[in-house]
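Undergrad: Have a look; sequence and predicted model below, questions after that.
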Amino acid sequence: DAKTTQPTSMDCAEGRAANLPCNHSTISGNEYVYWYRQIHSQGPQYIIHGLKNNETNEMASLIITEDRKSSTLILPHATLRDTAVYYCIVRVPWYALNFGKGTSLLVTP
Amino acid sequence: SAVISQKPSRDICQRGTSLTIQCQVDSQVTMMFWYRQQPGQSLTLIATANQGSEATYESGFVIDKFPISRPNLTFSTLTVSNMSPEDSSIYLCSVESGLAADTQYFGPGTRLTVL
């Protein structure tokens, strides 16, 4: 699996958009970009994934650069409950997820 | 998405004993995975469990220490054998569901403390 690089931590004010970057410069053509989050040692929660097109669901938007070497997860209106560790993972579907250290996002009042 | 439950949710065990963790899914799934999360660390894959075949273990994990069963498409168990305090971790199962565009979903985890 390709390796990803994420900032260790980020802060965001409540109500503002949280933009979490991820670099995956060695991504292969058949690898998708997945985002998960983990709130206080609960099981990781799936957020969104994409191959090359931008994706949006009820939780977030995923912006993937044209060369696919980086992506950004956008939480449009962050709330205190979005405080969590966010993991960016690249993988081929049906294979195990290779978790890195992720980004610890703190949403402040 | 698949609904996954794990039993027990937490346990405190004595050194040298074994604990079996159950993972139950509300629908049939092809692939199940077991992960470990040590205190303050990220998740590490222990093994992949497919129904009808032997589990495939990652480097550093062996069947004698972490035997896995996968008797059907909705259930799996992970046993942590001959436990030591270093086994204190959160153990998580996850499933890959083709019905959800090849997305992997996680159970709530089992928090194990070994004294």
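TA: Good, I have the coordinates.
Undergrad: Alongside chain B, which residues does chain A contribute?
TA: Residues of chain A lying close to chain B by CB under 8 Å from any CB of the partner chain are A:32, A:34, A:41-46, A:49, A:87, A:93-94, A:96-102. In this view, the C-beta of every residue, glycine as well, is placed from N, C-alpha and C.
Undergrad: at 10 Å what do you get?
TA: A:32, A:34, A:36, A:38, A:41-46, A:48-49, A:85, A:87, A:89, A:91-102 (CB under 10 Å from any CB of the partner chain).
Undergrad: Which of the residues you listed are buried? Put it as a PyMOL command.
TA: The buried subset of the residues of chain A next to chain B, as determined by 16 or more other CB atoms under 10 Å in any protein chain shown, is captured in PyMOL by this line:
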select buried, chain A and resi 32+34+36+38+43+44+45+46+48+49+85+87+89+91+93+95+96+97+98+99+102
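Undergrad: in chain B, which segments are predicted with low confidence?
TA: Judged by pLDDT under 70, chain B has its weakly predicted residues at B:98-101.
Undergrad: Tell me where it has helices.
TA: Using DSSP state H, chain B contains no helices.
Undergrad: The residue nearest to A:Lys101 when sequence neighbours are not counted - how many residues pack around it?
TA: Closest residue to A:Lys101 apart from its sequence neighbours, by CB to CB, 6 or more residues apart in numbering or on different chains: B:Ser42 at 5.6 Å. When counting by other CB atoms under 10 Å in any protein chain shown, one arrives at 16 neighbours for B:Ser42.
Undergrad: Could you double-check that B:Ser42 sits in contact with A:Tyr87?
TA: Yes - with contact defined as CB atoms under 10 Å, B:Ser42 counts as touching A:Tyr87 (7.6 Å).
Undergrad: who touches both of those two?
TA: A:38, A:44, A:98-102 (CB atoms under 10 Å, 6 or more residues apart in numbering or on different chains).
Undergrad: Which members of those residues are positioned in strands?
TA: A:Gln38 (DSSP state E).
Undergrad: all strands of chain A, in order?
TA: A:9-13, A:18-23, A:32-38, A:45-50, A:55-56, A:61-64, A:70-75, A:84-91, A:103-108.
Undergrad: Go through the second one and flag the buried ones.
TA: Across strand A:18-23, burial judged by 16+ other CB under 10 Å covers A:18, A:20, A:22-23.
Undergrad: Now flag whichever of those residues is closest to chain B.
TA: When the buried residues of strand A:18-23 are compared for distance to chain B (CB to the nearest CB), A:Cys22 wins out at 14.7 Å.
Undergrad: Now do that closest one, the pLDDT please.
TA: On pLDDT, A:Cys22 comes in at 98.
Undergrad: In space, what's closest to it - neighbours in sequence excluded?
TA: A:Cys88 (3.5 Å).
Undergrad: distance of the one you found from chain B?
TA: 12 Å (CB to the nearest CB, to the nearest Å).
Undergrad: That residue against A:His24, yeah?
TA: Yes - the pair A:Cys88 / A:His24 is scored as a contact, 7.2 Å apart, by CB under 10 Å.
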